[in-house]
Structure formats: C-alpha cells, structure tokens
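**Q** sequence and predicted structure below; questions after.
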Amino acid sequence: MRTIIITGSERLSLQLSTGVLLLMGLFACNKPQATDASQQQTRTARTPVTVQAVGRGGISNSLTLFGTTLYLRRNAITAPVAAFVTKVYVSLGAQVRAGQPLYQLETKERRALGKLAISGDTAIIGLVTVRASSGGVISTFDKQQTGDYVLEGTQLCTIAENSALAVQVNVPYEYEALARPGRTCRVRLPDGRALTATFTTPLTTVNALAQTQSVLARITRPIPLPENLTVQVDVTSQANAQAQLLPKAAILSDEMLQHFWVMRLLNDSTAIKVPVQLGERTTTAVEVRSPLFGIGDRIVTEGNYGLPDTARVLVTPAKR
C-alpha cells in the first residue's frame, strides 16, 4: 500500500482550488435566476398615467379689440322765435324723453305789454314752450340762464339720441374680414357689463401709424353711456359647435411644433401613439379635427411625456 504525503503548501493550494470551483458552481446556478428576475421586472414595469375621454362641445376663438363710444345722431334744439328765456326745465347730462318740456320762452312783444298781456284768454299768448324732439341725453347746454334774449334759430341745447349710440372700433386691417357689416361682437364696459353690438359701416381712412381702420358698431339695446368711453370689443374669429375637445395637457408635439399626437389607450395596460390635426385652441382646451375618436376612447392626459410609440401604462385616478 502506497502512502501519499501532502505538505502544508499543497494542502492550502488544494483548498483554494476547491473553493474557487464551489463559487463558480454557485454563480452558474444563480445567474439564470437573476436574469429571469430582471426580465420579469422589465416586462411588468408600467408608467402611471391619467386618462380622460374625448369631450364634445362648442369652442370659439375670439379677438379682443378696443373702441370708444359716440353718438351718431344729435338733435339741435333751437329757438322758434326771438324771445327771452323765462324757464329752464333741464340740465346738462339730463335724460329726456320725446316731447318733454325743455324751455319756456317769452316773446319781446309780450314782455313789452307787461301786465296787460296777462289777462283772460290772452294769458298764454307770447309764451312758447320748447320741447324735446327725441329722447336722449343733453350733451351740450348753450342756454341755461333765465332772462337771456335769444334770436330766432339760436341753439339752446343739443340732445344725443340714445338709440344712436355706437362704438368706433379700431380694427387692424389684417382682421378687417372679422368686422364686416352684419357681424356681431360683444362690447365689454369698464364696470364689467357686456352689450351686444353689430358692425355697420367701416370708415374710409386707415390710421397711418397703427394701420387700423375705424369701424362703427351699433349697440343692439342702447343704454345711457358717456361719450368717448374706452371699451373692449370681443370678436369671434372661428367657432365650432360640435368639436372634439381635449385638454392641452393631452397634446404632444415635436420640437418645431409641426407634428402633434396623443397617446390613446389600446387596452387597460397599453397606450399607442396617434397623430392628430388640431383646430381652434383656448387657454385650457384644444379642438382635434382628425382623426374622429370613438365615444369610449381614452386619451392619456398625465404621464404621457416621453412615452414610446407603444407603451405599457398603469391607469391611475385623476388628481383632484
């Protein structure tokens, strides 16, 4: 029988070799499991998103212009005869109605007769009552003192007719098609009130510096307003009553803002890229002109940035 003697150095080398072999075996056994776990994690990774159905409704785009109020028609009230002003019934800025007394005049002949003219049936001879020819506001007040003598045809006051109230709108010439006669607009007053008006007549001159054309807009239901009041005028440029609407956050685009798309849910876990063509836009919503989405289609509104053309997603409730 043959005896093999192993020295201390040989024993250490043998132990190290055995340990290396064991580690390699363990690594070989565990590597497929780690790879499988990594692949499984990749397959199950989904991006949390919030979705919303395609809405349908009206959308419009408006252009805000500025204008000033003015009265297109004024009625000058004149003295029918040469006479003295004996009574004044109105004041500057007063609202008057058609037929309302404004002045009482006394002819010079009646005044010359003195007390002899004031008797019986002749008591009203020589007294002339001047009445308003139309309703409106007293815009100029030429004769407001009693005792003044006026000649025949002298202007006593001026009435600006309420029904002739209009707004002179300054329209940039490139938008003149939006202010053609017959188109409506909304006039917003400084106090927050809004009035409806209709464009009537464009003036024949254009401001040389601003390149704006003045267009008159008649108030549909006039109210008493001061002249030269600056107002805002909203003009609707485009309107669609049956538009496909999405929030702005749902729309994605390239760097040049030339191509647009949305991420539509194919099922509960997959979203796909769908190119779209846009229409009118507001501060919160965008009109999608094509394609035509179905009633049940869901569009990603949050978490859509950076998603690939086909992405695995996890639908989460919308934040309130």
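**A** Yes, it's here. Everything numeric in this text was worked out from a predicted model, so none of it was measured.

**Q** low-confidence bits of the chain, can you list those?
**A** 1-44, 115-124, 320 (pLDDT under 70).

**Q** quick test: name the residue nearest the centre of it.
**A** S62 (5.4 Å; CA atoms, centre = their mean).

**Q** give me the buried positions along the strand or helix carrying that one.
**A** Using DSSP states H and E, S62 falls within strand 55-71. Buried residues in strand 55-71, counting neighbours by 16 or more other CB atoms under 10 Å, are found at I59, S62, L63, L65, G67, T69, L70, Y71. Every C-beta, even on glycine, is put in place using the N, C-alpha and C of the backbone.

**Q** same check, this time on stretch 97-111
**A** L102, Y103, Q104, L105, E106, T107, R110.

**Q** for the third one, give the beta-bridge partners.
**A** I take that to be Q104. K87, T129 (DSSP bridges).

**Q** who's in contact with P172?
**A** A210, Q211, T212 (CB atoms under 8 Å, 6 or more residues apart in numbering).

**Q** in contact with the first one, which residues?
**A** Yep, that's A210 we're talking about. By CB under 8 Å, 6+ apart, the neighbours of A210 are N170, P172.

**Q** and for the second one?
**A** Contact partners of Q211, counting by CB under 8 Å, 6+ apart, are P172, Y173.

**Q** ok, it to E174 distance?
**A** 8 Å (CB to CB, to the nearest Å).

**Q** hang on, the earlier thing: secondary structure and distance to V137 added to the contacts of P172, as JSON lines?
**A** Formatted as JSON lines, those follow (DSSP: H, G, I helix; E, B strand; the rest coil; distance: CB to CB, whole Å):
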{"residue": "A210", "secondary structure": "coil", "distance to V137": "30"}
{"residue": "Q211", "secondary structure": "coil", "distance to V137": "34"}
{"residue": "T212", "secondary structure": "strand", "distance to V137": "28"}
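
**Q** take those and write them to JSON lines, including distance to A98.
**A** Below are the contacts of P172 laid out as JSON lines (distance: CB to CB, whole Å):
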{"residue": "A210", "distance to A98": "40"}
{"residue": "Q211", "distance to A98": "42"}
{"residue": "T212", "distance to A98": "37"}
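
**Q** quick check: of the residues you listed, which lies closest to L189?
**A** Using CB to CB, T212 comes nearest to L189 of the contacts of P172, at 21.1 Å.

**Q** surely the closest one meets V171?
**A** Yes. If you go by CB atoms under 8 Å, T212 and V171 touch, sitting 6.0 Å apart.

**Q** and these two? which has more neighbours close in?
**A** V171 (25 against 19; other CB atoms under 10 Å).

**Q** from Q52, how far off is that one?
**A** According to CB to CB, V171 stands 38 Å off from Q52.

**Q** ditto for I295
**A** With CB to CB as the criterion, I295 and Q52 are 13 Å apart.

**Q** of these two, who's got more company?
**A** Taking other CB under 10 Å, I295 and Q52 do not tie; Q52 has more neighbours (15 against 7).

**Q** helices or strands next to the strand holding S62 in the packing?
**A** strand 165-172, strand 230-247, strand 270-281, strand 285-290 (3 or more CB pairs under 8 Å, 6 or more residues apart in numbering; DSSP states H and E).

**Q** for the chain, which segments count as helices?
**A** 8-44, 108-113 (DSSP state H).

**Q** and Q277, what are its bridge partners?
**A** With DSSP bridges as the rule, Q277 is bridged to S290.

**Q** can you verify my assumption that it contacts R289?
**A** Yes. With contacts counted by CB under 8 Å, Q277 reaches R289, the gap being 4.8 Å.

**Q** and the contacts of stretch 243-252?
**A** 52, 54-59, 260-263, 276, 278-281, 284-289, 292-293, 299-302, 304-305.

**Q** enumerate every residue touching T196.
**A** T184, C185, R186, V187, I219, T220, R221.

**Q** go again using 7 Å as the cut-off
**A** T184, R186, T220 (CB atoms under 7 Å, 6 or more residues apart in numbering).

**Q** neighbours of the nearest residue to Q95 once chain neighbours are set aside, how many?
**A** With sequence-adjacent residues excluded and distances taken as CB to CB, 6 or more residues apart in numbering, Q95 is closest to V137, at 5.6 Å. Neighbourhood size, V137 [other CB under 10 Å]: 20.
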